[in-house]
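*Asks:* Predicted structure and sequence below. I'll ask about it afterward.
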Amino acid sequence: MRPAYLSAARSLQLGREAAVEGDSKAALDLLAEAMQTLRVLPPERTRDVLMAHVHLAFFQTLVMLGEDDAAEHLHLGVSYARSTRDPLARAIAQECLSGLEAVL
């Protein structure tokens with residue numbers, strides 16, 4: 001299972017980089033690839049931490065694009081971040097929630 005985690009983490013990293021560079025299509029494709037890899041794995045902490053990061057990255061990318069369907073990714077990302085208690089995922093989730101509150 002380790003190669004699957006590494007593959008998902010690499011797709012997540014490349015997806016975040018593509019989003020920062022403004023290549024939203026590549027970012028969404030890479031994040032979808034990471035999500036697809038993780039969804040077939042059995043639930044466990046490493047998988048769930050990566051799921052939190054992927055969902056939050058999806059949310060951030062979709063918000064940058066002005067898409068309306070980003071809320072579901074925020075909800076799932078926050079849920080995974082809370083359940084895993086991963087400090088980085090929780091910090092990113094809090095940042096996303098804070099940004100959302102500022103907009104509202």
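*Replies:* Looks like it arrived, so ask away. Quick caveat: nothing in here was measured; it's all calculated off a predicted structure.
*Asks:* Show me what counts as buried in the longest helix belonging to the chain.
*Replies:* Assignment by DSSP state H gives helix 45-65 as the longest helix of the chain. Going by neighbour count (16 or more other CB atoms under 10 Å), the buried part of helix 45-65 is 46-63. From N, CA and C alone the C-beta is placed, and that goes for glycine too.
*Asks:* mean confidence for it?
*Replies:* Mean pLDDT, computed over helix 45-65, is 94.
*Asks:* Other residues contacting it?
*Replies:* 5, 8-9, 12, 15-16, 19, 24, 27-28, 31, 34-35, 38, 41, 69-71, 73-74, 76-78, 80-81, 83-84, 86, 88-89, 92-93, 96, 99 (CB atoms under 8 Å, 6 or more residues apart in numbering).
*Asks:* Which of those residues are buried? Put it as a ChimeraX command.
*Replies:* Here is the ChimeraX command that picks out the buried ones among the contacts of helix 45-65, judged by 16+ other CB under 10 Å:
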select :5,8,9,12,15,16,19,27,28,31,34,35,38,41,70,73,74,76,77,78,80,81,84,86,89,92,93,96
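*Asks:* Restricted to helices, list the contacts of helix 45-65.
*Replies:* Those of those lying in helices (DSSP H): 5, 8-9, 12, 15-16, 19, 24, 27-28, 31, 34-35, 38, 71, 73-74, 76-78, 80-81, 83-84, 88-89, 92-93, 96, 99.
*Asks:* Nearest the middle, which residue of this protein would you pick?
*Replies:* For the chain, the residue nearest the mean C-alpha position is Val54 (2.1 Å; CA atoms, centre = their mean).
*Asks:* where's the longest helix of the chain relative to the chain centroid, distance-wise?
*Replies:* Relative to its parent chain, helix 45-65 has a centroid offset of 1 Å by CA atoms, centre = their mean, to the nearest Å.
*Asks:* what sits against Tyr80?
*Replies:* Neighbours of Tyr80 in contact, by CB under 8 Å, 6+ apart: Asp48, Val49, Met51, Ala52, His55, Ala89.
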